[in-house]
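Asks: sequence? don't have it. structure:
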């Protein structure tokens, strides 16, 4: 069998990939802002240099709220969630924080009697699945080479 090497992307394919990435980031950004607003936090500004994108899986945003507090918000192919920025000093630690919190939330659902409700069981399983995925990303050193220590 002949081995096939990946061909470099054409300029057109690169432009399309870039456009899709920009659209994905914009959608995640809008979801993050909407989530905070629904939780009663009005975003004032984005702390872009501390935000991270692991496209197309998740984005971690750091926002300054109008209340003077800073928040981590996670969006993407997972439940959107937020926490005070004080729980993690950087995006990598925020990823680990959400992973652990989701495992705890899933455990609470399962042990609080919510396990009788199929919707709750499905949500608990989703949280567990995504928590494991987040932790795997947290452990991948190559994703965090440029992350401040």
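Replies: Okay, I see it. A quick note: this is a predicted structure, and the numbers were derived from the prediction, not measured.
Asks: Do a quick rundown of the helices in the protein.
Replies: Applying DSSP state H to the chain gives helices spanning 11-38, 91-111, 118-139.
Asks: Can you tell me which of these is most buried?
Replies: Mean neighbour count (mean count of other Cβ atoms under 10 Å) peaks for helix 91-111 among the helices of the chain, with a mean of 18. Every C-beta, even on glycine, is put in place using the N, C-alpha and C of the backbone.
Asks: Give the other helices and strands that that one contacts.
Replies: strand 58-65, strand 70-76, strand 81-84, helix 118-139 (3 or more Cβ pairs under 8 Å, 6 or more residues apart in numbering; DSSP states H and E).
Asks: Adding distance to residue 107 and mean pLDDT, write the ones you listed out as TSV.
Replies: Output for the helices and strands packed on helix 91-111, formatted as TSV (distance: least, Cβ to Cβ, whole Å; pLDDT from 0 to 100):
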stretch	distance to residue 107	mean pLDDT
strand 58-65	22	96
strand 70-76	19	97
strand 81-84	16	98
helix 118-139	8	93
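Asks: Dump these into a markdown table; add distance to residue 47 as well.
Replies: Below are those laid out as a markdown table (distance: least, Cβ to Cβ, whole Å):
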| stretch | distance to residue 47 |
| --- | --- |
| strand 58-65 | 4 |
| strand 70-76 | 7 |
| strand 81-84 | 13 |
| helix 118-139 | 20 |
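Asks: Distance of residue 80 relative to residue 130?
Replies: Residue 80 is 11 Å from residue 130, where distance means Cβ to Cβ, to the nearest Å.
Asks: pLDDT below threshold where in this protein?
Replies: 1-5, 114-115, 147-149 (pLDDT under 70).
Asks: list the contacts for the residue nearest to residue 35 when sequence neighbours are not counted?
Replies: Spatial nearest neighbour of residue 35, chain neighbours left out: residue 80 (4.4 Å); criterion: Cβ to Cβ, 6 or more residues apart in numbering. For residue 80, the contact set (Cβ atoms under 8 Å, 6 or more residues apart in numbering) comprises 31, 32, 35, 73, 74.
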